[in-house]
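J.: from the sequence below, what's the structure:
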Amino acid sequence: MGLGEKKGMVTPHKWNPSPNCRRGPKRKMKKEKKKIDMEDLKKEVVMNDHKLTLEQLSTKYSVDLAKVDNSCLTGESEPQTRSPDFTHENSLETQNICFFSTNCVEGTARSIVIAKGDSTMMGRIATLTSGLETGKTPIAIEIEHFIHLITLVAIFLGVIFFGLFIILGYSWLEAVIFLIGIIVANVPEGLLATVTVCLTLAAKRMARKNCLVKNLEAVETLGSTSTICSDKTGPLTQNHMTVAHLWFDKTTYEADTSKEQIGNTFAKGSDTWFIRVRIAGLCNRADFKANLEILPIAKMSIHLREDSSQAHVLMMKGAPERILEFCSSYLLNGQEYPMDNEIKEAFQYAYLELGGLGEHVLGFCFLNLPNTFSKGFKFNTEEINFPMNDLCFLGLISRMDPPRAAVPDAVGKCCSVGIKENPRICTPGFLLSACSYLIRTHDNPHNSRLIFDNLKKSIVYTLISNIPEITPFLLFIILSITLPLGMVIILCIDLGTDMVPAISLAYEAAERDLMKRAPRNLKTDNLVNDRLIGMAYGQIGMFQAVAGFFTYFLILAENGFKPINLLGIHLNWENQYFNDLEDSYGQQWTFEQWKVLEFTYHMAFFASIVVVQWANLIICKTTATQSSSRA
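T.: Below you'll find the model as predicted:
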């Protein structure tokens, strides 16, 4: 709603159709509306068949001390004054507009509607929020990258082996079975369950600490957070301000904040101290006007003083550097002296010293107004009608807001990580920037890092078994030996023995150095990197394949087939009509006999993989500390 709106005013025209007209005049009216100049609409408003100018509208629709609550839109905690006057180009700042969803908390006013629906401020905000596109979370990007990589590798190897099997004379059905086996051997089937378990466990841990997680994937995002902007007062402190230090007469004094309140830290007989107490002790529940453009001071008021010949005295407190700009003199031992460079240097040193203690510093000044400001004078802080220069600077007061109980421990964790370079001083800048590390070293980023860490362990564990599953097919084609591992055994490994251990890694506790690591770099620290692939395929995977082939050759040797005699044997081995296959000692085997032997070395190869996976599980439980301590 608007009061005396000057810009963007919409004029409602009244249409009186004739008795015989139906739809024709209405169409004509729509065409005529398009020709109306918008500038004319801003100058006058039609109300009840009478045109009113904006001046007449302001008189007709006057305001009686109306104030509205705009906290839902602008965050202003204090009620805002409304009037018919156009005071600002910004619709959120001007005084002649009231908004949908706000309430009138004081006074009365009459107004007209200038916008509705999506055209209102709240409607525009709702439209903007509903049109936002949500991007992918870092963990979703990492998993998608890993899936694409594994898919390409699996399809590439599957197609290559499929073609080789066709060339070797296998039927297309047998080649398709081998193709499916190769693809299954490369796909970590337990990844989906592991990711779900990791995110769910982290969400449950955070829920026990009164932190509701609406998007599970967002939990992991905190692990890559390097900076979180936050307000110091409130989130990090108890929000209980207490005077800690005072600076006046070029001297810094420590206030008595003890419970006994002895009060012997400095003499209270100084004239400067007396004036300072009068200013600092003003009622803090008075109605102050905030965010003045002409005078950007946090709090300002005019108070009547009865103990002097002057009728009024102007007292001001606020940001020290801004307070000093309004002063042309300073008070020293009750005497007023012109402002010079010496007092400015002393002020700057004291300001930095008190601010370096992490305290909130305020500056104070005053001005005895001349007799021209009588007792009945009406002061206006909106349109300032009193002098605002040549004030007298009194000094500084710093207030201490004690930190919350959990903050010191978080700061200690920051120091252990090396965040705080100078342990002797804790500046306000450090507190404001370190709030990110206070949050980052607490439970939520701890859980997010744990998720990422456990996912890497699970993926490594799952990928290691790919090598002993693929190499049998490779040697089967190159050396023409019997197939050491069958399709059913591969499915038993991927969907059976590997599934439960991979999921169990999601329950792993955090390592001791987890929170001492630097935040994860989204561009370089990937979920699956070269180091992980090298460990899974090049190191542990090769050992596991060697163990499987050892049992394979051992079982065949015990039954009379030496490794040298296995080269090129697979053509006769797969021929069900060949019943006189000779071993290394000349003993003949029927098709049924060597098929029983085939099932035996398949199970032996499978058992070797499972046993080595036990050791692999212990290895994957840790990335930095000794495996023996984690086992």
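
J.: tell me the secondary structure for A510?
T.: When classified by DSSP: H, G, I helix; E, B strand; the rest coil, A510 comes out as coil.

J.: how many neighbours does it have?
T.: 13 (other CB atoms under 10 Å). For every residue, glycine as well, the C-beta is placed using N, CA and C.

J.: for it, give me its contacts.
T.: Under the criterion of CB atoms under 8 Å, 6 or more residues apart in numbering, the neighbours of A510 are H446, R449, L450, D453.

J.: now secondary structure too, for those, in a markdown table please.
T.: Formatted as a markdown table, those follow (three-state DSSP):
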| residue | secondary structure |
| --- | --- |
| H446 | helix |
| R449 | helix |
| L450 | helix |
| D453 | helix |
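
J.: of all those residues, which comes closest to F473?
T.: D453 (33.0 Å; CB to CB).

J.: how far away is the closest one from L191?
T.: According to CB to CB, to the nearest Å, D453 and L191 sit 15 Å apart.

J.: and the helices in the stretch 1-150 of the chain?
T.: Under the criterion DSSP state H, counting those that start in this stretch, the stretch 1-150 of the chain contains helices at 24-35, 38-43, 54-60, 71-74, 121-130, 138-167.

J.: would you single out the least confident of these?
T.: Taking each of the helices of the stretch 1-150 of the chain in turn, the lowest mean pLDDT turns up on helix 24-35, with a mean of 44.

J.: pretty sure I467 sits in a strand.
T.: No: applying three-state DSSP, one finds I467 to be helix, outside a strand.

J.: what are the boundaries of the strands in the stretch 351-500 of the chain?
T.: 360-368, 391-400 (DSSP state E, counting those that start in this stretch).

J.: reformat the ones you listed as CSV; add mean neighbour count.
T.: What follows is these, written out as CSV (neighbours: other CB atoms under 10 Å):
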stretch, mean neighbour count
strand 360-368, 21
strand 391-400, 23
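
J.: save those strands as a markdown table, and put in mean pLDDT and distance to I470 too.
T.: Output for the strands of the stretch 351-500 of the chain, formatted as a markdown table (pLDDT from 0 to 100; distance: least, CB to CB, whole Å):
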| stretch | mean pLDDT | distance to I470 |
| --- | --- | --- |
| strand 360-368 | 88 | 65 |
| strand 391-400 | 88 | 66 |
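
J.: how many neighbours does the closest residue to G541 other than its chain neighbours have?
T.: Counting by CB to CB, 6 or more residues apart in numbering, the nearest residue to G541 once its immediate chain neighbours are dropped is I467, at 3.2 Å. The burial count assigned to I467 is 23, neighbours taken as other CB under 10 Å.

J.: against Q613, how distant is I467?
T.: Distance check for I467 against Q613: by CB to CB, it reads 12 Å.

J.: for those two, list the residues in contact with both.
T.: Among the neighbours of I467, those also in contact with Q613 (CB under 8 Å, 6+ apart) are Q544.

J.: picking up where we left off before, in JSON lines, list the strands of the stretch 351-500 of the chain along with distance to G586.
T.: Converted to JSON lines, the strands of the stretch 351-500 of the chain look like this (distance: least, CB to CB, whole Å):
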{"stretch": "strand 360-368", "distance to G586": "97"}
{"stretch": "strand 391-400", "distance to G586": "96"}
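
J.: wait, which of these is closest to G158?
T.: Distances from G158 to each of the strands of the stretch 351-500 of the chain were compared using CB to CB; the shortest belongs to strand 360-368, at 66.8 Å.

J.: what are the pairing partners of that closest one, and which direction each?
T.: Strands adjacent to strand 360-368 in the sheet, as given by DSSP bridges, are strand 312-318 (antiparallel), strand 391-400 (antiparallel).

J.: would you list those strands in JSON lines and tack on distance to L157?
T.: Converted to JSON lines, the strands paired with strand 360-368 look like this (distance: least, CB to CB, whole Å):
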{"stretch": "strand 312-318", "distance to L157": "71"}
{"stretch": "strand 391-400", "distance to L157": "67"}
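
J.: list the contacts for L505?
T.: If you count contacts by CB under 8 Å, 6+ apart, L505 has them with T194, N454, K457, S458, Y461, L617, C620, K621.

J.: scratch that, A255 is what I was asking about
T.: Residues counted as contacts of A255 (CB under 8 Å, 6+ apart) are T242, V243, A244, H245, L246, T265.

J.: returning to that earlier point: which one of the strands paired with strand 360-368 lies nearest to L173?
T.: When those are ranked by proximity to L173, the top entry is strand 391-400, at 81.1 Å, counting by CB to CB.

J.: now the closest one - C-alpha only, PDB.
T.: As requested, C-alpha coordinates have been extracted for strand 391-400 and formatted as PDB (Å, rounded to 0.1, in the frame of the first residue of the first chain):
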ATOM      1  CA  LEU A 391      31.600  18.900  19.700                       C
ATOM      2  CA  CYS A 392      33.900  18.100  22.600                       C
ATOM      3  CA  PHE A 393      35.400  14.600  22.700                       C
ATOM      4  CA  LEU A 394      35.300  12.800  26.100                       C
ATOM      5  CA  GLY A 395      37.000   9.500  25.500                       C
ATOM      6  CA  LEU A 396      36.400   5.800  25.000                       C
ATOM      7  CA  ILE A 397      34.600   3.000  26.700                       C
ATOM      8  CA  SER A 398      35.200  -0.700  25.700                       C
ATOM      9  CA  ARG A 399      32.700  -3.400  26.500                       C
ATOM     10  CA  MET A 400      33.400  -7.100  26.900                       C
END
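
J.: mean pLDDT per helix and strand in the chain: which one sits at the bottom?
T.: Ranked by mean pLDDT, DSSP states H and E, the helix or strand of the chain with the weakest confidence is helix 428-440, at a mean of 40.

J.: helix, strand or coil: sort out F606 for me.
T.: Secondary structure of F606, reduced to three states by three-state DSSP: helix.

J.: wait, doesn't it sit right on I489?
T.: Yes: taking CB atoms under 8 Å as the definition, F606 is a contact partner of I489 at 4.8 Å.

J.: tell me which of the two has more neighbours.
T.: For F606 against I489, the residue with the higher neighbour count under other CB under 10 Å is F606, and the figures read 23 against 20.

J.: contacting residues for that one?
T.: L485, I489, C492, I493.
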